[in-house]
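> I would like to see how this sequence folds:
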Amino acid sequence: MDAELDVIVIKMHLERRAESLLNILQAKVNNREKRIELWMENFLTIFILITSAELFFKHAERNARKYGHQVRVSVVLLNAYDLC
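Residues are numbered from 1 along each chain as shown. Here you go, the predicted model:
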């Protein structure tokens, strides 16, 4: 039941918000006029996103090992691109 709720939350809320966040971030990074003003905000946003992804992958790997699944980094990384 918990996994089903996770899927619902991810599909209904997180995917839309992730796409919106990445579009806003891309617009700020590509803004040549305000690039210097926004560098700290962009840096911190990217740092937080990468750190969150790292923690997510560590958690997924730990669960896979806990339940005896073979851990393949390439599959996990390919799934990460689906989030973008």
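> Give the buried residues for stretch 19-28.
Residues of stretch 19-28 classed as buried: 25, 28 (neighbour count, 16 or more other Cβ atoms under 10 Å). (Glycine included, C-beta is placed from N, CA and C.)
> Need the contact partners of that stretch.
For stretch 19-28, contacts defined as Cβ atoms under 8 Å, 6 or more residues apart in numbering pick out 34, 38, 41-42, 45-46, 84.
> Mind checking the pLDDT average for that stretch?
Mean pLDDT, stretch 19-28: 91.
> Any idea how far it is from the middle of the chain?
13 Å (Cα atoms, centre = their mean, to the nearest Å).
> before we move on, what about stretch 32-41?
22 Å.
> ok, now stretch 14-31?
With Cα atoms, centre = their mean, you get 12 Å for stretch 14-31.
> Stretch 38-58 too?
Per Cα atoms, centre = their mean, the displacement of stretch 38-58 from the mean C-alpha position of its chain is 9 Å.
> Show me which residues of it are buried.
Using 16+ other Cβ under 10 Å as the test for burial, stretch 38-58 gives 45, 49.
> which SS class is Glu33?
Recorded secondary structure, Glu33: coil (DSSP: H, G, I helix; E, B strand; the rest coil).
> Can you pull the poorly scored residue ranges out of the protein?
Applying pLDDT under 70 to the chain flags residues 1-2, 71-84.
> The spatially most central residue of it and Asn31, how far apart?
Among the residues of the chain, the one closest to the centroid is Ala53, at 5.0 Å (Cα atoms, centre = their mean). For Ala53, the distance to Asn31 (Cβ to Cβ, to the nearest Å) stands at 24 Å.
> so how far is Ile8 from the closest residue to Lys34 other than its chain neighbours?
Spatial nearest neighbour of Lys34, excluding adjacent residues (Cβ to Cβ, 6 or more residues apart in numbering): Lys28 at 7.5 Å. Taking Cβ to Cβ as the measure, Lys28 falls 31 Å from Ile8.
> Just list the residues touching the most far-flung residue of the chain relative to its centre, thanks.
In terms of distance from the mean C-alpha position of the chain, Glu33 ranks first, at 27.4 Å (Cα atoms, centre = their mean). Contact analysis of Glu33 by Cβ under 8 Å, 6+ apart lists nothing.
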